[in-house]
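**Q** model this:
(one chain, ligands or ions: 1)
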Amino acid sequence: MPSAFAHAAVGASLVPFLPQPLRNPAGFGLLAFLAAAPDLDVIGFSFDIPYSHPLGHRGLSHSVFFAAALAAASWPLWRHRLSSGATRAAVVCFVAIASHGLLDTLTDGGLGIGLWIPLDDGRYFAPWRPIEVSPLSVDAFLSHRGLAILANEARWVGLPCLAFTASVWAWRRYLPRPRRSP
Ligand SMILES: [Zn+2]
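**A** Purely as a prediction, here's the structure:
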């Protein structure tokens with residue numbers, strides 16, 4: 001997996017697409033959390049769930065269907081909380097959660113990603129895998145290797161996220177909006 005920082009950066013870069021009332025630090029934190037959350041599946045190791053099991057690490061929680069189910073479950077919450085934009089909020093949540101598995105397919109180690117569980121228990125990688133896999137243990141991460149991984153992620157995840165966010169900002173700031181007819 002990339003580190004939680006890399007996943008959180010991807011999630012946070014989606015904030016501009018949330019409905020206006022959610023474009024705030026809470027929305028930022030929510031999307032960062034949702035994008036990193038699938039790795040909470042490492043808790044399965046404590047219950048002796050094998051890595052390669054559909055419920056193991058990089059299994060169901062990394063699936064596109066899991067992301068869709070979680071996002072769909074959030075829709076009533078948004079409907080209750082927002083006067084409009086509930087579907088939009090749920091779709092952005094889906095993209096944030098689904099981004100996790102897709103980003104993991106770009107890593108150079110571990111088992112592949114169960115993108116299509118439960119329909120297909122196969123584990124998949126992208127054909128191009130430039131991101132160094134992050135160690136599962138915190139001790140290993142807080143080492144020289146951890147710094148090298150963060151530098152790698154800054155290049156392949158952090159900078160593209162910044163460029164993406166800046167592009168969205170510039171698009172909204174400088175492109176004229178169509179006038180609404182009275
Ligand atoms: Zn992961």
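**Q** which stretch of helix or strand covers R173?
**A** helix 159-174 (DSSP states H and E).
**Q** how about that helix: buried residues?
**A** For helix 159-174, a neighbour-count test (16 or more other CB atoms under 10 Å) marks 161, 165 as buried. Where you see a C-beta, it was placed from the backbone N, CA and C, and this is true even at glycine.
**Q** Which elements pack onto that helix?
**A** If you count contacts as 3 or more CB pairs under 8 Å, 6 or more residues apart in numbering; DSSP states H and E, helix 159-174 packs onto helix 4-12.
**Q** what pLDDT, on average, does the helix it packs on get?
**A** Average pLDDT, helix 4-12: 94.
**Q** what's that helix packed up against?
**A** Looks like helix 4-12 contacts helix 25-36, helix 86-104, helix 144-153, helix 159-174 (3+ CB pairs under 8 Å, 6+ apart).
**Q** Among those, which comes closest to the ion?
**A** Among the helices and strands packed on helix 4-12, the nearest to the ion by CB to the ion is helix 86-104 (4.4 Å).
**Q** May I have stretch 91-100 exported as CSV, CA atoms only?
**A** Provided in CSV are the C-alpha atoms of stretch 91-100 (Å, rounded to 0.1, in the frame of the first residue of the first chain):
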residue,chain,number,x,y,z
VAL,A,91,-20.6,10.1,-5.5
VAL,A,92,-17.6,12.1,-4.3
CYS,A,93,-17.4,9.7,-1.3
PHE,A,94,-17.5,6.8,-3.7
VAL,A,95,-14.6,8.2,-5.7
ALA,A,96,-12.6,8.9,-2.5
ILE,A,97,-13.0,5.3,-1.2
ALA,A,98,-12.5,3.6,-4.6
SER,A,99,-9.4,5.7,-5.2
HIS,A,100,-7.7,3.7,-2.5
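**Q** Tell me which residues are up against it.
**A** 7, 10-11, 14, 17-18, 30-31, 34-39, 62, 64, 66-68, 70-71, 74 (CB atoms under 8 Å, 6 or more residues apart in numbering).
**Q** tell me, what residue is most central in the chain?
**A** A35 (2.9 Å; CA atoms, centre = their mean).
**Q** I'd like to know how far the closest residue to it other than its chain neighbours sits from the ion.
**A** Nearest in space to A35, with sequence neighbours left out and distances taken as CB to CB, 6 or more residues apart in numbering, is G11 at 2.7 Å. With distances taken as CB to the ion, to the nearest Å, G11 is found 13 Å from the ion.
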